[in-house]
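> sequence and computational prediction follow.
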Amino acid sequence: MAVSMPETRYAHSGDYSIAYQVVGDGPFDLVYVPGFVSHVEIGWEEPRVARYIERLASFSRLIWFDKRGTGLSDRVPPSELPTLEERMDDVRAVMDAADSESAAVFGISEGGPMSILFAATYPDRTRALVLYGTYAKASADDDYEWGIPIADVGSIAQVVQEDWGKGPLLDMFSPSVADDERYREWWARAQRSAASPAAAATVLRMAADVDARSVLPAVHVPTLVLHRSNDLVAPAPGARYIADHIQGAKYVELPGDDHAPWVGDVDALVDEMAEFLTGTRHAREPDRMLATVLFTDIVDSTSRASQLGDSDWRELIERHDQLMRREIEHHRGREVKTMGDGFLATFDGPARAIRCAWSAAETVRQLGIEIRAGLHTGECEVMGRDIGGIAVNIGARVGSAAGPGEVLVSRTVTDLVAGSGIEFADRGVHSLKGVPGEWQLYAVASAGRS
């Protein structure tokens, strides 16, 4: 079941406040040390991140935070971003505030070296160490060839500072979703919210200066090193180096080229963690389901909003939303989200979805507006509270093809409601943008018995 975003709390580390959240109530604590920059509330806005956090919290009490100078934690001038020692102080402050005496520490990317140092320094507070997509040394050297050439660090930091908030580094951090426009927009917004351009560039430069190789033999807690084989940010040999130099460490290399842990094969990564930390692989929440997807939107909403003005338009939208939610609930649907002037909902039966759309189109006419609706039945990817996948794309495109007041459905839907009394009018074959093949579409002529 999807988890609601928990309350953001603050731990006090010296003169600074560190933002953190506690998710889940598992049998042990898992402290999540973020990489690069983060924002504990903006993270929940991306379904992939939300599902990833929920999976971690399914077998632990997860404690995650924004390090000093980033996210919702106190901001500091770039020249005063915390050292590894100060960041360890912040972790202990968060653990104390969350009443955590001992926890498994999960270090991600740039958070890895600090997590290694923490585990070696505070073994009494570290029940286990898990590292992902990280390194002991970020920059290359004469005796260490797997880092970034030091000459390139400055130029990369300069690009980051100049393009910060526009989505730089996405092609390296999350190549598998780099063409997803919605994800790209979230990534840019997350950057703007998580740090200033100067702070982001400074974090990169500081990361290049860190060398935790000498600390590795001093780690004496159970350690798991996870890495993806073609990680474009942190080369896999650097992770193997860590595992080779921590006594008894387990190394697991997974296929993939995504650096961000919440994209790619997330389940494989979390399954390995769960088994290492608990001894068993925990049952996953279902990540795919068959559903009928309903998209609606108000016809000519832009011109109507301009005619009415902001205040009257907001009032109209509120009344529209109330009516839509009433219809969705009455027909046993689940509201997924609103999209300004429309809704995305799912139903466990296509006939109920059709009748909901038909009734909603009739009901909102009392407001002097028309909606159009599109429906398709198919397998959807469950991403926390959101859904995705080709079935969702098809539903959206079917909706775009509908006329004012029309409920348009795919052939798949008509085939599943035989005997329901619902009648259709053939609307011919359509090419749906971004969807392979030709699609036979039908308009609902009568919704039959309710």
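Yep, that arrived.
> quick one: contacts for Gln247?
Applying CB atoms under 8 Å, 6 or more residues apart in numbering, we find Gln247 in contact with 217, 219-220. For glycine as for every other residue, the C-beta is placed from the backbone atoms N, C-alpha and C.
> do Met383 as well
Contact analysis of Met383 by CB under 8 Å, 6+ apart lists 47-48, 50-51.
> which two in those are spaced the farthest apart?
The most widely separated members of the contacts of Met383, counting by CB to CB, are Arg48 and Ala50 (7.3 Å).
> could you dump the contacts of Gln247 into TSV with distance to Val23, neighbour count and secondary structure added?
Below are the contacts of Gln247 laid out as TSV (distance: CB to CB, whole Å; neighbours: other CB atoms under 10 Å; DSSP: H, G, I helix; E, B strand; the rest coil):
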residue	distance to Val23	neighbour count	secondary structure
Pro217	34	11	helix
Val219	26	25	coil
His220	29	14	coil
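> and of the residues you listed, the nearest to Pro113?
For the contacts of Gln247, the closest approach to Pro113 (CB to CB) belongs to Val219, at 11.7 Å.
> buried sites along stretch 269-278?
Residues 269-274, 276-277 are the ones in stretch 269-278 that count as buried (16 or more other CB atoms under 10 Å).
> related to what we said a few turns ago, okay, the contacts of Met383 in CSV with secondary structure and neighbour count next?
Below are those laid out as CSV (DSSP: H, G, I helix; E, B strand; the rest coil; neighbours: other CB atoms under 10 Å):
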residue, secondary structure, neighbour count
Pro47, helix, 23
Arg48, helix, 24
Ala50, helix, 21
Arg51, helix, 24
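> let's have those residues in TSV, adding distance to Arg332 and pLDDT.
Shown next, in TSV, are those (distance: CB to CB, whole Å; pLDDT from 0 to 100):
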residue	distance to Arg332	pLDDT
Pro47	23	90
Arg48	28	92
Ala50	24	93
Arg51	24	91
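> would you mind splitting the chain into its domains for me?
Taking automatic domain parsing as the reference, the chain has its domains at 9-278, 288-446.
> max-length strand in this protein?
What stands out as the longest strand in the chain, according to DSSP state E, is strand 371-383.
> where does pLDDT dip in the stretch 301-450 of the chain?
When residues are selected by pLDDT under 70, those of the stretch 301-450 of the chain lie in 449-450.
> which stretches of the stretch 1-150 of the chain have low pLDDT?
Looking at the stretch 1-150 of the chain by pLDDT under 70, you get 1-3, 150.
> make it 90
Scanning the stretch 1-150 of the chain for pLDDT under 90 picks out the ranges 1-5, 79, 83, 121, 141-143, 146-150.
> show me what secondary structure element comes after the longest strand of the chain.
On the C-terminal side of strand 371-383, the closest following helix or strand by DSSP states H and E is strand 386-388.
> which other residues reach the helix or strand just after that following strand?
Once the chain leaves strand 386-388, the next helix or strand it forms, by DSSP H and E, is helix 390-401. By CB under 8 Å, 6+ apart, the list of residues contacting helix 390-401 from outside reads 291, 293-297, 342, 344, 372-381, 408-410, 427, 430, 432-435, 439, 441.
> what subset of these is buried?
Buried among the contacts of helix 390-401 by 16+ other CB under 10 Å: 291, 293-297, 342, 344, 372-378, 380-381, 408-410, 427, 430, 432, 435, 439, 441.
> against His39, how distant is the residue nearest to the spatial centre of the chain?
Closest residue to the average C-alpha location of the chain: Val49 at 2.3 Å, with CA atoms, centre = their mean. According to CB to CB, to the nearest Å, Val49 stands 10 Å off from His39.
> what about the helices in the stretch 101-250 of the chain?
112-121, 150-163, 170-173, 181-194, 197-209, 236-245 (DSSP state H, counting those that start in this stretch).
> residues of stretch 320-333 that come out buried?
Those would be 320, 323-325, 327-328, 331, 333, for stretch 320-333 by 16+ other CB under 10 Å.
> would you reformat those as CSV and include distance to Asp209 and secondary structure?
Below are the buried residues of stretch 320-333 laid out as CSV (distance: CB to CB, whole Å; DSSP: H, G, I helix; E, B strand; the rest coil):
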residue, distance to Asp209, secondary structure
His320, 55, helix
Leu323, 59, helix
Met324, 54, helix
Arg325, 53, helix
Glu327, 59, helix
Ile328, 54, helix
His331, 59, coil
Gly333, 54, coil
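> closest to Leu316 out of the contacts of Met383?
Leu316 lies nearest to Pro47 out of the contacts of Met383, by CB to CB, at 28.8 Å.
> that closest one against Cys380, yeah?
No - counting by CB atoms under 8 Å, Pro47 sits too far from Cys380 to count as a contact (11.8 Å).
> got any residues that touch both of these two?
By CB under 8 Å, 6+ apart, Pro47 and Cys380 have these common neighbours: Gly388.
> from Pro255, how far off is the residue lying closest to Phe106 once chain neighbours are set aside?
Excluding its sequence neighbours, the residue lying closest to Phe106 (CB to CB, 6 or more residues apart in numbering) is Val130, at 4.6 Å. Per CB to CB, Val130 is found 19 Å from Pro255.
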